[in-house]
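Participant: What would the 3D arrangement of this be:
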Amino acid sequence: LPPDIRRLLGPRLASAFIDLGHTHYAQQVSDILERAPGLHGEAHEMIVGDLLQDEGGDATEVYESLSSGNSHISADALIKLAQLLLDKEGVAPANLLEDLNVAAKTWRGTNRGTELSRLTALWTAKLHTGSEALSLVANEIRRNPEGRDELRQAAEQILLRLSESESIEVGYARTVKSYLPSISTEAKADELRLAIARQLTRAALPSFALEVLGPVTDRKNPAALQLAAEAELAAFRPENAISLLDGVSTEQVKLIRVEAYLRMANFKNALSVLDDLEGSAHPLVRPYWFGGDWRVAAASNPDAAIIVERYFPTEVDEISRIPSPVTLQSIQEVLEASRLENRNIRDSLNNP
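Facilitator: Now for the predicted structure:
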């Protein structure tokens, strides 16, 4: 073919070969284009970057150099650059988010515009806050209903990342509340709902966590039932926790039952579950699971006495650290002992 026709058809043909997995043919087309005299054009440069990336190389510089224009090739290069940096947790160029935002507005109403909006939201969450990104998605869905599915997937990806973070973002609960009606009640959203509920329970919002878990617990999902039971305990409703765990029998669930029974001062049932667990990892009872006075309970209830003897932690005599009677002076003594212990630990870490 004449060189000008090669430049017109070659990149499209090479791109089609790449999409079909025939990179060898795509490379042959690219080589033919390289031999044509004159400038090869940005469409060919894009193919060079795509082939480099497909072969395990790094096309970041190629895509970045192409992304600064105003053509559809520039927009596609910006999309590939943004996605590539997201996938490999790369550092964004200083102007990436601004370029994505401008390009998304320019191409709004097209598939390219939806993809740019999706990436703008993901990078906003990465560089700023998740709540800001979710607000951006909500506004874009109103402007571009045709891209609703892709944008919702981005929103749920952002929310999942927020929910799995070790730190809780300021305004997280408010963000969840605003987006909750958009989360599917079907099984496909179970992972997201579980992650949100775990974070809400960590944030001391067990009732909200139970609201989020509702559709999942209705399907008797074992992980959801366990998490819901933990939320019920956090909300001081041990009876509800016992009810939720009916029929679920894992080692962790048994420990939750123990805690629930102790919060109800039902030492007999707690001991029965503990004895059933004894052959596994020698379970330990945390003394705070029972809100009363363990000394009184152990003196008056033989099951409570056995629990203290067999299942209390041995590394720390936690009962002996509970002053009786409780006075201001005794509390100050406990706090001072704790302060000295923490200082000794710090000293040993600084001077091993």
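Participant: Tell me which residues touch the residue nearest the centre of the chain, please.
Facilitator: Centroid-nearest residue in the chain: Glu164, 2.5 Å away (criterion: Cα atoms, centre = their mean). By Cβ atoms under 8 Å, 6 or more residues apart in numbering, Glu164 lies in contact with 195, 199. For the C-beta atoms, the positions are set from N, CA and C on the backbone; glycine is no exception.
Participant: Please repeat the previous calculation with a cut-off of 7 Å.
Facilitator: Residues near Glu164 by Cβ atoms under 7 Å, 6 or more residues apart in numbering: Ala195.
Participant: And the pLDDT at Leu86?
Facilitator: If you check Leu86, the pLDDT there is 92.
Participant: Revised request: answer the last question for Gln332.
Facilitator: At Gln332, pLDDT is 69.
Participant: low-scoring stretches of this structure, by residue?
Facilitator: For the chain, the stretches flagged by pLDDT under 70 are 37-39, 278-283, 315-334, 337-352.
Participant: Going along the chain, name the strands of it.
Facilitator: Taking DSSP state E, the chain contains no strands at all.
Participant: quick one: the residue lying closest to Trp107 once chain neighbours are set aside from Leu84, how far?
Facilitator: Distance criterion Cβ to Cβ, 6 or more residues apart in numbering; nearest residue to Trp107, sequence neighbours excluded, is Gly113 at 3.5 Å. Note on Gly113: its distance to Leu84, by Cβ to Cβ, to the nearest Å, is 19 Å.
Participant: With neighbour numbers in mind, choose between these two.
Facilitator: Shown here are Gly113 and Leu84; by other Cβ atoms under 10 Å, Gly113 has more neighbours (21 against 17).
Participant: where do the helices sit along the stretch 1-150 of the chain?
Facilitator: Counting by DSSP state H, counting those that start in this stretch, the stretch 1-150 of the chain has these helices, from start to end: 3-19, 23-35, 42-54, 60-66, 72-87, 96-106, 111-127, 130-143, 148-164.
Participant: starting at the chain centroid, how far to the first one?
Facilitator: Translated: helix 3-19. How far helix 3-19 lies from its chain's middle: 41 Å, per Cα atoms, centre = their mean, to the nearest Å.
Participant: Also stretch 105-118?
Facilitator: So, by Cα atoms, centre = their mean, the centroid of stretch 105-118 is 26 Å from its chain's centroid.
Participant: Could you pull out the buried residues of it?
Facilitator: Neighbour-count burial for stretch 105-118 flags 107-108, 112-118 (criterion: 16 or more other Cβ atoms under 10 Å).
Participant: Please convert these to a markdown table, extending it with distance to Asn221.
Facilitator: What follows is the buried residues of stretch 105-118, written out as a markdown table (distance: Cβ to Cβ, whole Å):
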| residue | distance to Asn221 |
| --- | --- |
| Trp107 | 40 |
| Arg108 | 39 |
| Arg112 | 38 |
| Gly113 | 37 |
| Thr114 | 32 |
| Glu115 | 33 |
| Leu116 | 36 |
| Ser117 | 33 |
| Arg118 | 29 |
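Participant: Helices along the stretch 201-350 of the chain, start to end?
Facilitator: Assigned by DSSP H, counting those that start in this stretch, the helices in the stretch 201-350 of the chain fall at 206-218, 222-234, 238-244, 251-263, 267-277, 294-300, 302-311, 328-350.
Participant: Ok, which of those helices comes nearest Glu55?
Facilitator: helix 222-234 (40.9 Å; Cβ to Cβ).
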